[in-house]
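1. Any chance you could fold what I've pasted below:
(one chain, ligands or ions: 1)
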Amino acid sequence: MKADEILREFGVETNRGDWAVHSPVDGAEIGRVAFDDAASIERKIAQSVEAFRAWRTVPAPRRGELVRLLGEELRANKEALGRLVSLEAGKILQEGLGEVQEMIDICDFAVGLSRQLYGLTIASERPGHRMMETWHPVGPVAIISAFNFPVAVWSWNAALALVCGDSVLWKPSEKTPLTALATQALFERAVKKFGDAPANLSQIILGLREAGEALAKDARIPVVSATGSTRMGKALAPVVAERLGRSLLELGGNNAMIVAPSAKLDLAVRAILFSAVGTCGQRCTSLRRLFVHESIYDSLVAQLKSVYATLPIGSPLESGTLVGPLIDKAAFEGMEASLAQARDEGGKITGGGRTLADRFPNAYYVKPAIAEMPEQRAIVCHETFAPILYVMRYAKFEDVLAKHNAVPQGLSSCIFTQDVQEAERFVAAAGSDCGIANVNIGPSGAEIGGAFGGEKETGGGRESGSDSWKAYMRRQTATINYSDALPLAQGIKFTV
Ligand code: UN1
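-> Residues are numbered from 1 along each chain as shown. Below is the predicted model:
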């Protein structure tokens, strides 16, 4: 099915407005949308506040029911939405479907959570007093998402925010507005089945940087959750901080794998491939740095090169393809520039460069590159959103751990080893400094059950599982005096 047919099925009109959306698959225009202007953004924020005021008083388990219905819509439309993700973001169909599955999973998680927004009961030091902690809805939540996970990232935030009693305002990437509109259509179907949800509980704001800035600036939006580049996060965070708002940032990663002498190499190779060339290297969890022990370096790198030489690169819609296109020309130029810099810094490059230009003159397919680096030079410390794998050799575990942590980003990490001591040290306090640390698993493809996010320039935010929901609520400590006296805390005497 073509994009316009799928969108019609969702009831989304694609010929409105003058922003043209191009498919990275072949560069063809697949729809037009209209951007919001300052007035419509203002109106939507005001409507979101109103929706929040009503939604916060709906019991949380009932709010969960809406998210359950959304999950059902997603299940019923997984195929169509997954295909649309492939068409608009260029990831292979398997990954497009995987992304929708991630949405379904977080909906299930959030439904269970809607009965578990637990607070504490705290022992009071005063007689006849009870102290408790309650989690209350916080307000409209802005969700700014990137092109590479055009729908899943919204769902990690929205499913939680909705059961937490918040309304949501979604600004998707201008590169992927169509999947956002299709998702919104599914949400509206769920609302209809739900019956009495307030209007405008979830809204979409389309636009460029200024639209995101308008959300970041607005004090009526207590939480701004943003996924994207570190550069974007560094521009946005001060704007939210200026009004002392809460930002939840999921920014760049520069994820590494250490392959130790005892590693099961067949597993390591498969993990390297999925995480380094999957999604054409455009996940924030993509594998970018590979540290291989000197005793196995030559054989592992030779194996990798031979697999890289026969990678099925092509249309993400065709079965058998493992590597689809880059999102656009700018991404291709970024890859070229990084490879040139790697070469200048002493790297030996295998692969790289454009391919399939005859078949797809308006799209950007590339050969994934392996860059063997003499050291962890400047380019290796920089995140390039493309399939470049920097490979380096190591001798001592202590040294490689230090190098592993010596980059500005701190999202995901992993080690392949059968040595229990190395594995434990990697996940211990002085081990990997990342938000995600895996043993015998690649750095990408995290499950929704854990908290997702990372440290340092990755921004510190946590989304998805565990207790990430707390970021979408306000915590209230309430103390109740059921005695006839008024004892003061800390035993202070203050009587007239
Ligand atoms: C992202 O690239 O923005 O762990 C998120 C993973 C996915 C999410 C990636 N579950 O690779």
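
2. Tell me the spacing between residue 243 and the ligand.
-> 26 Å (CB to the nearest ligand atom, to the nearest Å). For the C-beta atoms, the positions are set from N, CA and C on the backbone; glycine is no exception.

3. burial measure for that residue, as a count.
-> Neighbour count for residue 243, taken as other CB atoms under 10 Å: 13.

4. In three-state terms, label the nearest residue to it once chain neighbours are set aside for me.
-> Take residue 243 and drop its neighbours on the chain: the residue closest to it by CB to CB, 6 or more residues apart in numbering is residue 219, 4.8 Å away. For residue 219, the assignment made with DSSP: H, G, I helix; E, B strand; the rest coil gives coil.

5. Kindly report the same for the one 5 residues further on.
-> Three states are possible here, and by three-state DSSP the one that applies to residue 224 is strand.

6. doesn't residue 245 make contact with it?
-> Yes. Here residue 224 lies in contact with residue 245, judged by CB atoms under 8 Å, at a distance of 6.1 Å.

7. Would you mind telling me which of those two has the busier surroundings?
-> Of the pair residue 224 and residue 245, residue 224 is the one with more neighbours under other CB under 10 Å, namely 26 against 21.

8. and the stretch 201-350 of the chain, which of its residues are near the ligand?
-> 227, 283, 284, 285 (CB under 6 Å from any ligand atom).

9. Go again with 8 Å.
-> With CB under 8 Å from any ligand atom as the criterion, the stretch 201-350 of the chain meets the ligand at residues 227, 250, 253, 275, 279, 282, 283, 284, 285, 286.

10. can you give me the helices in the stretch 201-350 of the chain?
-> 209-217, 230-242, 265-277, 297-309, 329-344 (DSSP state H, counting those that start in this stretch).

11. Name the helix or strand of the protein that has the lowest mean pLDDT.
-> Least confident helix or strand, the chain: helix 3-10 with a mean of 92, by mean pLDDT, DSSP states H and E.

12. And that one, what does it pack against?
-> If contacts are counted by 3 or more CB pairs under 8 Å, 6 or more residues apart in numbering; DSSP states H and E, helix 3-10 sits against strand 29-33, helix 78-89, helix 177-194.

13. Please identify the deepest-packed of those.
-> For the helices and strands packed on helix 3-10, the largest average neighbour count (mean count of other CB atoms under 10 Å) is found in helix 78-89, namely a mean of 25.

14. Can you tell me what sits against it?
-> With CB atoms under 8 Å, 6 or more residues apart in numbering as the test, helix 78-89 has contacts from 1-3, 6-7, 9-10, 21, 23-25, 30, 74, 91-93, 95-101, 104, 147-148, 150-151, 175-176, 178-179, 182-183, 186, 316-317, 324, 327.

15. Can you tell me which of those residues are buried?
-> In these, burial by neighbour count holds for 3, 6-7, 10, 21, 23-25, 30, 74, 91-93, 95-101, 104, 147-148, 150-151, 175-176, 178-179, 182-183, 186, 316-317, 324, 327, counting by 16 or more other CB atoms under 10 Å.

16. The residue positioned nearest the centre of the chain is in what secondary structure piece?
-> Note on the chain: the residue nearest the mean C-alpha position is residue 153, at 4.9 Å, using CA atoms, centre = their mean. Counting by DSSP states H and E, the element that carries residue 153 is helix 152-163.

17. I'd like the next helix or strand past that helix.
-> Heading C-terminal from helix 152-163 (DSSP H and E), you reach strand 168-171.

18. List the beta-bridge partners for residue 370.
-> Counting by DSSP bridges, residue 370 is bridged to residue 350, residue 389.

19. if I pick it, what's in contact with it?
-> Residue 370 makes contact with 301, 304, 305, 308, 349, 350, 351, 389, 391, according to CB under 8 Å, 6+ apart.

20. neighbouring contacts of the host helix or strand of residue 51?
-> For residue 51, the enclosing helix or strand under DSSP H and E is helix 38-55. Outside helix 38-55, the residues that touch it by CB under 8 Å, 6+ apart are 36, 63, 137, 139-140, 162, 165-169, 197-201, 203, 205, 207, 211, 214-215, 218, 220-221.

21. Also stretch 468-476?
-> The contact list for stretch 468-476, computed with CB under 8 Å, 6+ apart, reads 113, 117, 119, 133-138, 141, 157, 160-161, 163-166, 222-223, 225, 246, 248, 451-452, 461-463.

22. Kindly give a single PyMOL line that selects the buried subset of those residues.
-> The buried residues among the contacts of stretch 468-476 can be selected in PyMOL (16+ other CB under 10 Å) with this line:
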select buried, resi 113+117+135+137+138+141+157+160+161+163+164+165+166+222+223+225+246+248+451+452+461+462+463
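
23. what about residue 14, neighbour count?
-> Around residue 14 there are 19 other residues, counting by other CB under 10 Å.

24. and the closest residue to residue 174 other than its chain neighbours, how many neighbours does it have?
-> Counting by CB to CB, 6+ apart, residue 208 is the residue found nearest to residue 174 once chain neighbours are left out, at 5.6 Å. Number of residues near residue 208 (other CB under 10 Å) recorded here: 12.

25. just to revisit the earlier point, pull out the buried members of the contacts of residue 370.
-> Using 16+ other CB under 10 Å as the burial test, the contacts of residue 370 include 301, 304, 308, 349, 350, 351, 389, 391 as buried.

26. Pick the one among those closest to the ligand.
-> Ranked by distance to the ligand (CB to the nearest ligand atom), the buried ones among the contacts of residue 370 are led by residue 389 at 15.9 Å.

27. Show the contacting residues for the closest one.
-> Under the criterion of CB under 8 Å, 6+ apart, the neighbours of residue 389 are 272, 276, 287, 288, 289, 290, 304, 368, 369, 370, 371.

28. ok, for the fifth one, nearest residue in space, not its chain neighbours?
-> Of all residues not flanking residue 289 in the chain, residue 256 sits nearest, at 3.9 Å (CB to CB, 6+ apart).

29. cool, and the third one?
-> Here the nearest residue to residue 287 in space, its sequence neighbours aside, is residue 275; by CB to CB, 6+ apart that works out to 3.8 Å.

30. That neighbour contacts residue 438, correct?
-> No. Applying CB under 8 Å as the test, residue 275 and residue 438 come out as separate, 10.0 Å apart.

31. So which of these two has more stuff around it?
-> Each of residue 275 and residue 438 has its neighbours counted (other CB under 10 Å); residue 275 has more, 27 against 24.

32. What residues of stretch 295-312 count as buried?
-> By neighbour count on 16+ other CB under 10 Å, the buried set for stretch 295-312 is 296, 297, 300, 301, 303, 304, 308, 311.

33. ok, back up a step: so which of the residues of the stretch 201-350 of the chain next to the ligand comes closest to residue 489?
-> residue 250 (39.1 Å; CB to CB).
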